[in-house]
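**Q** Here is my input, please return the structure:
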Amino acid sequence: MNYFDLFDLPVSFSIDKNKLRKKYYALNRENHPDNFTLVDQEEQMSALDKSSIINEAFKTLKDDMLRIKYTLELTGIKFEEGNESVPQIFLMEMMDINENIFDFKMNPSDEAKTSIVSQINLLENRILENVTEFINNFDFNNLNNKQLELIKDYYLKRKYLNRIENNFDN
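**A** Below you'll find the model as predicted:
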């Protein structure tokens with residue numbers, strides 16, 4: 001089942017989150033297992049399964065990164081996180097940030113923290129800048145593999161940055 005179809009949304013990298021939330025509540029009210037307590041076991045199990053799918057679909061579509069990965073997979077772009085490579089220049093930038101985080105943890109200061117946050121934000125903005133137009137103008141009926149690969153590259157870089165940010169916050 002296509003999660004976008006379930007919520008009556010077009011397949012897209014960006015969605016109307018208010019519409020998603022409203023549709024989620026409506027589907028949840030309609031299909032909640034508590035509404036099926038007086039029916040036979042098979043219908044109860046069916047309601048439970050449908051409720052699980054609705055919850056998983058909502059979780060996927062409301063999260064920007066999960067939605068990007070899901071949308072890429074719908075277009076036929078498959079990949080295994082951890083087994084994909086990112087450009088060497090990006091890895092060098094990550095090494096610089098990691099070194100700065102290590103130095104910060106050894107000798108914390110507000111100035112160092114501000115500098116690291118600035119580095120991360122600058123990099124986030126730069127990688128997003130390369131795909132914003134493709135994300136905003138995505139047409140599922142007119143796929144462009146080059147653009148999809150750029151969005152995949154963005155996704156992988158963004159996941160890498162998320163790990164760096166989590167390491168920095170802890």
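**Q** show me where the protein has helices.
**A** Taking DSSP state H as the criterion, the chain carries its helices at 3-6, 17-31, 41-62, 64-74, 88-106, 110-129, 132-136, 145-169.
**Q** With Gly82 as the reference, name the closest of these.
**A** When the helices of the chain are compared by C-beta to C-beta, helix 145-169 sits nearest Gly82, at 9.5 Å. No exception for glycine: its C-beta is placed from N, CA and C like everyone else's.
**Q** where does this structure have low pLDDT?
**A** For the chain, residues meeting the criterion pLDDT under 70 lie at 36-38, 170.
**Q** Can you give the domain ranges for it?
**A** The record's domain parsing of the chain by automatic domain parsing lists 3-62, 88-169.
**Q** how much space between the residue most central in space within the chain and Ile120?
**A** Central residue of the chain (C-alpha atoms, centre = their mean): Met65, 0.9 Å from the mean position. Met65 is 16 Å from Ile120, where distance means C-beta to C-beta, to the nearest Å.
**Q** Repeat that for Met94.
**A** Relative to Ile120, and taking C-beta to C-beta, Met94 is found at 10 Å.
**Q** Could you pull out the residues contacting both of those two?
**A** Leu161, Ile164 (C-beta atoms under 8 Å, 6 or more residues apart in numbering).
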